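1. let's see this in three dimensions:
(chains A, B and C)
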Amino acid sequence: MHDTSVHAAAHHGPPTTFLRKHVFSQDHKVIGKQYYALALVAAYVGMFLSWLMRIHLAWTNAAIPGLQLLSQSGAPGGVMTPELYLQLLTMHGTIMVFFVLTTAPFAAFGNYFLPIQVGAEDMPFPRFNMMSFWVTFTAFLFLMASFFVGDGPSLGGWTQYAPLNAVGSVGGPGQGSGVVLWAISIALFCVGQLLGSLNFITTTLDLRVKGMSLMRLPLTAWAWFITSCMGLTAFAVLMPACILVILDHVAGTSFFVPSGTVMNDQILPHSGGSTLLWQHLFWFFGHPEVYIAIVPGLGIVSHILLANMRRQMLSQRVLIYSMGALAILSYIVYGHHMFVSGMNPFSSLVFSFPTLVITIPSTIVVLIWTFSLYGSRLRINSASLFALGFISMFVSGGVSGFFLAQPSLDIMLHATYFVVGHFHLVMGVAAMFGIFAGTYFWFPKMAGRMMNETLGKIHFWLSFVGAYCVFMPFHYLGMAGNVRRYATFVDDFLQPLIPVHRFITIAALITGFAQLIFLFNLIYSHFRGPIASQNPWEATSLEWSTPTPVPWNNFDKHPVVYHDPYQYGVKSSVGDYVMQASPEQVETEHDEK
Amino acid sequence: MANPIEVRKTGDHGAHVTPGIGKDVIVYVCLLVLAGVQFVMAYQNLTVSQMLTRMMFVAIIEASLAVLFFMHLYSEKRSFLIFVVVFTVSVLLGLQYGWTDSNRMINGAPYSEVK
Amino acid sequence: MSQADLTMEGHPAAAPMSGPIFSIPSKKFAMWLFIIADTMTFSACLFAYGFLRNGAPNWPRPFHSITNVAIMTFILLTSSLTMLIGVRASRAGDKPKAFLWIMVTAVLGIVFALLHIREWMGLIGEGMTMFKNPWGTGLFGSAFFSITGLHLTHVVSGVIALLAVGLRYRTGRYNADDIEVVGLYWHFVDLVWMFVVPLVYLLNLNH
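-> Okay, the predicted model is just below:
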């Protein structure tokens, strides 16, 4: 922690060489964009993998042309083997959870906008920030490398349950080198996010401009701050767990393999380890991770809704407290992932209660949104549509959480498509909608050009309807007893469900193509979109006080904050809002203090 | 333009208007004594769990002394002390859920060592 | 809210920032945050150790003597004291004295690491590896080498940090604040050892 070049950027002026400017840049804005680009690539890779899986599920043993190029042994003649299916599943989950849902809303938008929103020139440790991205990028390379090394990626799922994660290649293809690469990748990822979290927390607490009290921070800044507090401690537990997995592979230890384990007709030489130990360590990270993915979305959606409904939230304070409560509770509910995996049955009761309690802050957040929206004249644009979509997904996915939170129901629903539908809606698609909303909202500031609204709305409706068509039937499948992680459904009782799977696959393909519209819109608008003004949405927070494109040190002159972050629905000289940095005094009808 | 970071880096930060090395030596001696107590405990005829409880008790006192006085947390702003202690302790407590499963390993059939 | 509450102290242009909330420099705050994270890392390792040990019927207790670990503890605790002397000297602006005591701390760290490695060598010589040992379950070696290895890594990186920061402090690139930050890290390494000793050594003492 003795970075010589802390603030080197501030001392030396803007970088001049291409490498310093665009590649090894210490500018938080460039790093934010790099994170965004990484997440974008990862998201499309992950989506492509899900297409392959969906096609295989709906048309069992259909040959997918070209699949043998991905894995010769895994897809002889283009027909996916069950092993390859599980490998794709693992990669889809890992890529999406770590490299999309964590990097995009938290690391990408947070890096770009947190310093601007608090009024800082940069983060306090620019070099750590740069390292944070490059370590994360290296982690992504390690993960991708497992496609090409040995017998492919791991097949253990993104949770990498023990003992499969520690037994080596006897567990199946990819359980040797694939798991080691996976564990190295995730351990590196943890280091990257730790460095990021250090920067985020110190930025929020130390670099606020004059007048920016904690309660004047925009909700996004709060969300990123709360998320980084979670990231700081959650990733710190996952990292040693990954190192123990690596030791099990390379040093012959057996932390996670119990004595006398028989796998594929072989008695394993390990003794004394515990499979539950891995689950405890993993889910102690894993549940906060869910909230690391979703809390920035809560912040982004609130931020965007406020700018578009032109009035204040019912209570901004309660929103902040609710996000904080989510963060705190997320540490004591992790056992609900382990209800049926051999955990002490008494613990199930202990974990069930806080799991049901955690729905309270979530519900409060949603109620504040809906009651604030009630009667407001919402400006409909791509960003606000995606924000509304986020609420919809968050509620739909959250409701099924009530069922899963109860051990007695979870015994039936666990490891079925019900769970898959639940977490895809509430954590996957909802967080993705948050990312999309953020992209449409902040693109003018990040790229200096506007995105195409028509394409944006088409993208929204296709994604919104598509996501429901994909993930709602998952719940029905689950209740019908369709287990997850099966490569094919040949059992009699699953045969009648195949048409539902075909419907889902077609919906998934269409929804996926809608994302190509988004990609086109993003790239086209980046080069050809209409030039954006400084404040196209008439929003109030500090990022809209800076010129577009944002200058190298963010502000031409240090802003001073005079107002709460969301002064909409007031009468001022510029319209119905007053910027945080505007010294103008206004009368408001909403008085929260 | 004035560099904000420059502004923050300068200036003495109140916590270190110090009374000198005497207090440090006292804390150091206390730590040595407490560490010695642990070593003595190791030679008592105690069961592992009794020993564990007592040693952890001493270790927590040691750690508190080190954090408060060696790392100067005591003389920082009180809000910072609360932030660090509450944050760390609450997350640490969250990690303790797993023990029930550990206790079952030796008694519960599927996970125990082959006798 | 009516905007009468523009609570600016003084002229805004005089100090553009609100200032650190806990009145400590950002570097020091970041080090504290790192320490919180690292606490979790060590706790996870010690938790794993306890979890496995608790469930193992044939956990070995191979240590016969506490002399070595007592010396190591004494050295590490003393190095914390020398670090404090260095920090105080740097606060007082006494550069040569501060530098001297930082170097003493680094040397003590090196001695600690050497003693540790010597102890490892002894255990390896007795037939203990990461996965088996002559006395009982192989997990003992796994846990012992992992936890003490993690701690040793921290000590070694601490020594490197002390040398780097100390040398640059002498040449003027770093100031007293930086000395204090590296001091915090060093005390933390000491603090972890206070838990490693009873859990990993003393509970495995055979007497």
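2. so where do the strands sit in the stretch 201-350 of chain A?
-> Along the stretch 201-350 of chain A, the stretches classed as strands by DSSP state E, counting those that start in this stretch are A:262-263, A:266-267.
3. need the winner for burial among those strands.
-> strand A:262-263 (a mean of 12; mean count of other C-beta atoms under 10 Å in any protein chain shown). Every residue, glycine included, has its C-beta placed from N, CA and C.
4. that strand pairs with which strands?
-> According to DSSP bridges, strand A:262-263 has the following sheet partners: strand A:266-267 (antiparallel).
5. kindly report the residues of the stretch 201-350 of chain A close to chain C.
-> Residues of the stretch 201-350 of chain A that fall close to chain C, judged by C-beta under 8 Å from any C-beta of the partner chain: A:201-202, A:205-214, A:232-233, A:235-237, A:239-241, A:243-244, A:247, A:251-255, A:271-274, A:277, A:280-281, A:284.
6. just the buried members of the residues you listed?
-> A:201-202, A:205-212, A:232-233, A:235-237, A:239-241, A:243-244, A:247, A:252-255, A:271-274, A:277, A:280-281, A:284 (16 or more other C-beta atoms under 10 Å in any protein chain shown).
7. where in chain C is pLDDT low?
-> Chain C contains residues with pLDDT under 70 at C:1-15.
8. would you map the strands across it?
-> Counting by DSSP state E, chain C has no strands to list.
9. quickly list the domain ranges of chain B.
-> Domain ranges of chain B: B:19-71, B:75-105, per automatic domain parsing.
10. residue A:207 is in contact with residue C:17, correct?
-> Yes. Counting by C-beta atoms under 8 Å, residue C:17 touches residue A:207, with 6.6 Å between them.
11. about what we covered before: compare the domains of chain B and give me the one nearest chain C.
-> Chain C lies closest to domain B:75-105 among these, at 2.5 Å (C-beta to the nearest C-beta).
12. report the buried residues of that closest one.
-> B:76-77, B:80-81, B:83-84, B:87-88, B:91, B:94-95, B:97-102, B:104-105.
13. quick one: residue B:21 from residue C:107, how far?
-> 19 Å (C-beta to C-beta, to the nearest Å).
14. send the alpha carbons of the helix or strand harbouring residue B:60 over as PDB?
-> For residue B:60, the element it lies in under DSSP states H and E is helix B:48-65. Extracted C-alpha coordinates of helix B:48-65, given in PDB (Å, rounded to 0.1, in the frame of the first residue of the first chain):
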ATOM      1  CA  VAL B  48      -8.400 -29.500  23.600                       C
ATOM      2  CA  SER B  49     -11.600 -27.500  23.900                       C
ATOM      3  CA  GLN B  50     -10.700 -26.100  27.300                       C
ATOM      4  CA  MET B  51      -7.300 -25.100  26.000                       C
ATOM      5  CA  LEU B  52      -8.800 -23.600  22.900                       C
ATOM      6  CA  THR B  53     -11.200 -21.500  24.800                       C
ATOM      7  CA  ARG B  54      -8.600 -20.100  27.200                       C
ATOM      8  CA  MET B  55      -6.000 -19.500  24.500                       C
ATOM      9  CA  MET B  56      -8.400 -17.800  22.200                       C
ATOM     10  CA  PHE B  57      -9.500 -15.600  25.100                       C
ATOM     11  CA  VAL B  58      -5.900 -14.600  25.700                       C
ATOM     12  CA  ALA B  59      -5.300 -14.200  22.000                       C
ATOM     13  CA  ILE B  60      -8.200 -11.800  21.600                       C
ATOM     14  CA  ILE B  61      -6.900  -9.700  24.400                       C
ATOM     15  CA  GLU B  62      -3.500  -9.700  22.800                       C
ATOM     16  CA  ALA B  63      -5.000  -8.800  19.400                       C
ATOM     17  CA  SER B  64      -7.100  -6.000  20.900                       C
ATOM     18  CA  LEU B  65      -4.000  -4.500  22.600                       C
END
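15. sweet, I'm off.
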